[in-house]
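Student: The following comprises the amino acid sequence and a computationally predicted model.
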Amino acid sequence: MSSRPALPERWAWSSPWMIMGSVCILAVVLIILAAKNINREQEFMLRALLSEAKILSNSLEASSRTGMMGMGWGKSQLQLLLEETAQQPEILYVAIVGASGRIVAHSDAKQTGGSISLTHPAADQFSYRFVEEPKRSFEVLSAYKPWFQGRGKGPHRMACPFPGESSSQSNNDFFLVLGLDPSPFEAAQRQDIQQTVLLFGIMFLVGAGGLISLVWAQHYREARKCLMDVEAFTSTLVRQMPVGLVATDRRGQIQRTNAASLQILKSQALAGNISRFPCFASIMRELEKKERVMEQEVQCPAGGTARIPLLVNAVVMRNGIGEAVGNVFLFTDMTNIKQLEEQLRRSERLAALGRLAAGVAHEIRNPLSSIKGFSTILAGRVKDDERGRRIAEVMGQEVERLNRVVSELLDYARPTELRKSPQNCLELLRHSVHLVEMDARHQGVAIESRVEPLDLQVQVDPDRFSQILLNLYLNALQSMERGGTLQVRACEEADQVVLKVTDSGEGIPREDLPHIFDPYFTTKPRGVGLGLANVHKLVEAHGGDIEVDSHPGKGTTFTLRLPGLRLESAVVEH
């Protein structure tokens, strides 16, 4: 994800240069095309004017030849022909000049006798130029040959009609000058140029706009992809995080939650205003005064009298310009942590009680020995007295019972030494169940045991672990005085060996559950209250934990979780 934001930034820096380069290339291409089009229009205009000049030149030459040959035209008729020809809308003037440039005839009679500069064309060719004064014209110069010297007889013999010009001059000594009006062609050309410029301008704008649009579209795609990646990352993070998340707007309306929040609050859906949860309402009020609330513990109702301990962190959300737009609540279920804290406190309490009990037990054992000795002496002296003998026996029995209690207390207080080795669970259960089969049969209790898989093994001290199971079996039998079923199951769950001992007895009252592992806590008239305390101590010594689930009138289940062989091996290697 870290490389994603760099891509739009690179595009943001390179796109102006790319746009400028692409637009410049497009402009050069369009200018070249426009120049070619203008040159083509210019060439078309020249061809059209030259074609018109050629037609007029041939027509004038043919008309002059016909008039001279058939009707004996002279200068006046030729002058009239030139003047009539110049009356055409596209013709400005017509002139006939000699080889020296002297004007021998002109559509404007005032110009006759003058001179113009000539550039003699090649044979059967035209020369042309644009003349700016007195009016812009396209001037075309071509050879003028209306007569043929010495050809024909009689009236068909042509003579030079221009006074002062020798009739002996060659056909190549006169030239026809046509002054054509280029303005219609130039106006059309200007219009074409304007249209061309407009067309190519539109094409340039469209092309530049297209290039810019492509770059913008690329930016949009990259930004959208980056946004989608960020959104997917954020959604995955919110969805998978084990912490509950609730996002609200400024008024407290819930806008977004994750699966963990629903699971922690034990709700199918969270909607409405967050103030309907009293535990969050107080934090909302605090957020109105400060920016964030850190690690505040609250109790959230979970239906009935149950309450969920939560550790809440909250912060005010702000947009890009710093305006508050809502709040975010992050919370963690502290139930397991509270249970661990309670277990730690219980362990510390039991350890302190054990040390105290050990000291007390040592102090009690000394006078017990004296009392036992006195009871033995008393029994020997009053053996003929039935009442005295019975008192001595009761005294001895009670001393023995008190000694057993002290011994159990010392066993509980003494540090546990384990000799662990891999043990087959099936054999462990068979051995421990065999120890209570006789008592179970007398009470009408059926024992069911199951191990999955059959070769399941666990790293335990076999003697100590048998003591754990035996204590659990005896507690179960004591709760099923009228018969029932004792189930013992062992299985493997996630690198742990799980053993469950379930009875169908009377169950344990809810108010007694927090105290069943405390020393000397018992509800049985014949119990001392150290059995389950020793079980708890030995299970912890094996690196496991024990849980109890009981329903009055339905039975009780003790669940032992011990490290599996693979996990135990890893701990030993470490």
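Tutor: That came in fine, so what should we check first? Numbering: from 1, shown residues only.

Student: check contacts around Gly553.
Tutor: Neighbouring residues of Gly553 by Cβ atoms under 8 Å, 6 or more residues apart in numbering: Glu506, Gly507. C-betas here are computed from N, CA, C, even on glycine.

Student: SS state for it?
Tutor: Following DSSP: H, G, I helix; E, B strand; the rest coil, the label given to Gly553 is coil.

Student: Could you report the distance from it to Pro509?
Tutor: Gly553 sits at a distance of 10 Å from Pro509 (criterion: Cβ to Cβ, to the nearest Å).

Student: One more: Leu180?
Tutor: Separation of Leu180 from Pro509 (Cβ to Cβ): 127 Å.

Student: Please, where are all the strands along the stretch 201-350 of the chain?
Tutor: Ranges of strands within the stretch 201-350 of the chain are 244-249, 254-257, 292-301, 307-318, 324-333, based on DSSP state E, counting those that start in this stretch.

Student: which of Leu180 and Pro509 has more neighbours?
Tutor: Leu180 (24 against 10; other Cβ atoms under 10 Å).

Student: Compute the number of surrounding residues for the residue nearest to that one when sequence neighbours are not counted.
Tutor: Leaving out its chain neighbours, the residue that sits closest to Leu180 by Cβ to Cβ, 6 or more residues apart in numbering is Phe138, at 4.5 Å. With neighbours defined by other Cβ under 10 Å, the count for Phe138 comes to 24.

Student: before we move on, what about Val104?
Tutor: Close neighbours of Val104, defined as other Cβ under 10 Å, add up to 21.

Student: That one sits in which helix or strand?
Tutor: Element membership for Val104 (DSSP states H and E) is strand 103-106.

Student: circling back: check the gap between the residue nearest to Leu180 and Ser183 for me.
Tutor: 10 Å.

Student: Same question for Arg390.
Tutor: As judged by Cβ to Cβ, Arg390 and Ser183 stand 157 Å apart.

Student: Show me which of those two is the more surrounded one.
Tutor: Neighbours per residue (other Cβ under 10 Å) separate Arg390 from Ser183, with Ser183 holding more: 15 against 12.

Student: wait, what's in contact with the more buried one?
Tutor: Residues near Ser183 by Cβ under 8 Å, 6+ apart: Arg136.

Student: what about Gln87, how many neighbours?
Tutor: By other Cβ under 10 Å, neighbour count at Gln87 equals 8.

Student: So which residues make contact with the helix or strand where Cys491 lies?
Tutor: Here Cys491 sits within strand 484-493, counting by DSSP H and E. With contact meaning Cβ under 8 Å, 6+ apart, strand 484-493 is reached by 425-426, 429, 433, 440, 444-453, 456, 469, 473, 476-477, 480, 497-505, 555, 564.

Student: buried subset of those?
Tutor: 425-426, 429, 433, 440, 445, 447, 449, 451, 456, 469, 473, 476-477, 480, 497-505, 555, 564 (16 or more other Cβ atoms under 10 Å).

Student: From the residues you listed, which land in helices?
Tutor: The members of the buried ones among the contacts of strand 484-493 that map onto helices under DSSP state H are Cys425, Leu426, Leu429, Val433, Ala440, Leu469, Tyr473, Ala476, Leu477.

Student: Make TSV out of the residues you listed and add pLDDT and distance to Val238.
Tutor: Shown next, in TSV, are those (pLDDT from 0 to 100; distance: Cβ to Cβ, whole Å):
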residue	pLDDT	distance to Val238
Cys425	92	42
Leu426	91	46
Leu429	92	46
Val433	91	50
Ala440	90	54
Leu469	92	46
Tyr473	92	49
Ala476	91	46
Leu477	91	52
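
Student: Could you export those as TSV, including distance to Pro309?
Tutor: Listed next are those as TSV, based on distance: Cβ to Cβ, whole Å:
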residue	distance to Pro309
Cys425	36
Leu426	41
Leu429	38
Val433	40
Ala440	41
Leu469	34
Tyr473	35
Ala476	32
Leu477	37
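
Student: out of these, who's nearest Leu270?
Tutor: Of all those, Ala476 has the smallest distance to Leu270: 42.6 Å, by Cβ to Cβ.

Student: for the protein, which residue is closest to the average position?
Tutor: In the chain, the centroid-proximal residue (Cα atoms, centre = their mean) is Asp229; its distance is 1.9 Å.

Student: how far away is that one from Leu82?
Tutor: 87 Å.

Student: How about Ala281?
Tutor: Counting by Cβ to Cβ, the gap from Ala281 to Leu82 is 112 Å.

Student: which of these two has more neighbours?
Tutor: Neighbour totals were compared for Ala281 and Leu82, and Leu82 leads with 23 against 14 (other Cβ under 10 Å).

Student: doesn't Ala95 make contact with that one?
Tutor: Yes - using Cβ atoms under 8 Å, Leu82 is in contact with Ala95, at 7.4 Å.

Student: Find the residues that touch each one of the two.
Tutor: Joint contacts of Leu82 and Ala95 (Cβ under 8 Å, 6+ apart) are Ala105, His106, Ser107.

Student: Spatially nearest residue to the first one (excluding sequence neighbours)?
Tutor: I take that to be Ala105. Ile96 (4.2 Å).

Student: Kindly confirm my reading that the one you found forms part of a strand.
Tutor: Yes - counting by three-state DSSP, Ile96 is found in a strand.

Student: where do the helices sit along the stretch 251-400 of the chain?
Tutor: For the stretch 251-400 of the chain, the helices defined by DSSP state H, counting those that start in this stretch cover 259-265, 278-287, 335-381, 386-413.

Student: can I get the ones you listed in CSV with mean pLDDT and distance to Leu311?
Tutor: Below are those laid out as CSV (pLDDT from 0 to 100; distance: least, Cβ to Cβ, whole Å):
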stretch, mean pLDDT, distance to Leu311
helix 259-265, 83, 11
helix 278-287, 84, 11
helix 335-381, 76, 8
helix 386-413, 76, 35
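
Student: Redo those helices as TSV? Include distance to Gly210.
Tutor: Output for the helices of the stretch 251-400 of the chain, formatted as TSV (distance: least, Cβ to Cβ, whole Å):
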stretch	distance to Gly210
helix 259-265	47
helix 278-287	51
helix 335-381	62
helix 386-413	89
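
Student: re the thing from before, looking at the ones in helices among the buried ones among the contacts of strand 484-493, which is nearest Val394?
Tutor: Closest to Val394 out of these is Leu477 (28.4 Å), distances taken as Cβ to Cβ.

Student: does the closest one really touch Met438, like I thought?
Tutor: No - the criterion here is Cβ under 8 Å, and Leu477 misses it with Met438 at 10.8 Å.

Student: which phi and psi does Leu270 have?
Tutor: Leu270 adopts backbone torsions of phi -110, psi 120, taken as degrees, to the nearest 10.

Student: Ser369: how many residues sit nearby?
Tutor: Residues near Ser369, counting by other Cβ under 10 Å, number 11.

Student: Okay, it and Phe130: tell me how far apart.
Tutor: Distance from Ser369 to Phe130, by Cβ to Cβ: 148 Å.

Student: Ok, Ile508 next?
Tutor: 122 Å.

Student: same thing with Arg250?
Tutor: Taken as Cβ to Cβ, the span from Arg250 to Phe130 is 80 Å.

Student: Am I right that Lys524 sits in a strand?
Tutor: No - secondary structure of Lys524 (three-state DSSP): coil, not part of a strand.

Student: Just the local confidence number for it, please.
Tutor: If you check Lys524, the pLDDT there is 72.

Student: I'd say it and Leu477 touch.
Tutor: No - look at Lys524 against Leu477 with Cβ under 8 Å: they stay out of range, at 11.3 Å.

Student: what do the two both touch?
Tutor: Counting by Cβ under 8 Å, 6+ apart, nothing touches both Lys524 and Leu477.
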